[in-house]
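A.B. asks: Predicted coordinates and the sequence they were generated for:
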Amino acid sequence: MDAPFPTDTLSLHHSLLTMDTHIDIPWPTGPDPFEDGPRHVDLPKMRRGGVTAGFFVAYVPQAARTPAAEEAAFQRAETMLLAIRGMGLGEAGGSGESGDRTQGGITARLAVSADAIEAAKRDGVLAVVPAVENGFAIGTNLHRLARFAELGARYMTITHNGHNALADSANPRGDLGDREVEHDGLSTLGRAVVAEMNRLGMLVDAAHVSRQSMLELAECSRTPVVTTHSCIRALCDHPRNLDDVQLDVLRDVGGVVQVTAVSAFLRKNAKPDAVTVADFADHIDYAVRRIGIAHVGISSDFDGGGWFNGWKDASESPNITAELVRRGYDRQALSLLWGGNFLRCMRAAEAAAE
């Protein structure tokens, strides 16, 4: 773990297929993603930071579970997914098919499969991958999942902060009337949602769900369960983090924990300016030792609360690679952490789709 820092680390980083599996977008309005603006992620920052693919999420906050609120949540998620698709779709060509979108010297491409993400890397363009955060976006209507899949969503985070009709959250919302436990894990509808996501080829994201919900997701999903932005509870006791039993279950079902850049998940009650790249790498090290390199990955939760000293935005992503190289991770290990493991899970979901 004391390997000397190589002079070509930056070039190594830029040669990797690197994926950030959880990025929030501005809503309802925000800066043009093709412009180098004030947010933690935009396409110029991804380009400078050598980030191949970004999973951009249509985030829906939890609200009271009324028919009107559920309809509004669905409409918001659908509109956000259309906006995310637009980041990577250019004008229709002579064949009638949409092509890449190029603006300001940067080219982005909508990529909704593992193969498409790899092709984007080969072609030197940025991959835009849609996703949904919070199953509240479907309310209680299972059929809405097909619309999300049609719009390219590759995963859905089952809950956010607050229980919904599908499952218990790791963070109940007392202001919404949540009890500590409502479903004792997944509801009957939640289990049906997992089956439908498996059928559609969408990954099941266990970030934000309660411990019992996560264990039940792993038990009932036919494809590997992922957590797209969580950290390690043994190093930071936070309800959003995974304990050793949860980590072991992720390994046993072939899943992956995407260690994320939220400071309070990395060090108890810490602010971003007191957290370092070394703290982040400590969580990766722990997970790798516990469940193996094949089940660990990297995410930021940029523009959703994630950032810290040394990784304040996407342009600083090489700092993560540099710290991991310093700790002895070789190219193969880096390629797994930065995207290879998540691509494997995507392929498993694609293969199981009907």
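C.D. replies: That came through, no problem. Residues are numbered from 1 along each chain as shown.

A.B. asks: Low-confidence ranges, the stretch 151-300 of the chain, go.
C.D. replies: For the stretch 151-300 of the chain, no stretch has pLDDT under 70.

A.B. asks: Can you list the residue ranges for helices in it?
C.D. replies: 188-200, 211-220, 244-252, 263-266, 277-291 (DSSP state H, counting those that start in this stretch).

A.B. asks: Check which helices and strands the first one is in contact with.
C.D. replies: Put plainly, it is helix 188-200. helix 144-150, strand 203-205, helix 211-220 (3 or more Cβ pairs under 8 Å, 6 or more residues apart in numbering; DSSP states H and E). The way it works is simple: take the backbone N, C-alpha and C, and place the C-beta from them, glycine included.

A.B. asks: so residue 126 makes contact with residue 54?
C.D. replies: Yes. Applying Cβ atoms under 8 Å, one finds residue 126 in contact with residue 54, separated by 7.3 Å.

A.B. asks: Of all the helices and strands packed on helix 188-200, which one is nearest residue 310?
C.D. replies: For the helices and strands packed on helix 188-200, the distance to residue 310 is smallest for strand 203-205, at 26.1 Å, taking Cβ to Cβ.

A.B. asks: Identify whichever of the helices of the stretch 151-300 of the chain lies nearest to residue 306.
C.D. replies: helix 263-266 (8.0 Å).

A.B. asks: any idea which of the helices and strands packed on helix 188-200 is most buried?
C.D. replies: Mean neighbours per residue, mean count of other Cβ atoms under 10 Å, is largest over the helices and strands packed on helix 188-200 for strand 203-205, with a mean of 29.

A.B. asks: Point out the other elements, helices or strands, that that one touches.
C.D. replies: strand 155-157, helix 188-200, strand 226-230, helix 341-352.

A.B. asks: partners of the first one, with directions?
C.D. replies: Sheet pairing here is set by DSSP bridges, and for strand 155-157 it gives strand 126-133 (parallel), strand 203-205 (parallel).

A.B. asks: Now distance to residue 19 too, for these, in CSV please.
C.D. replies: As requested, the strands paired with strand 155-157 are exported to CSV (distance: least, Cβ to Cβ, whole Å):
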stretch, distance to residue 19
strand 126-133, 8
strand 203-205, 13
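
A.B. asks: quick one: which of those strands is nearest residue 345?
C.D. replies: Residue 345 lies closest to strand 203-205 among the strands paired with strand 155-157, at 6.0 Å (Cβ to Cβ).

A.B. asks: contacting residues around the closest one?
C.D. replies: If you take Cβ atoms under 8 Å, 6 or more residues apart in numbering as the criterion, strand 203-205 is touched by 131, 133, 154-158, 194, 197-198, 217, 221, 223-228, 345-346, 349.

A.B. asks: I'd like to know which of those are buried.
C.D. replies: With burial judged by 16 or more other Cβ atoms under 10 Å, the buried subset of the contacts of strand 203-205 is 131, 133, 154-158, 194, 197-198, 217, 221, 223-228, 345-346, 349.
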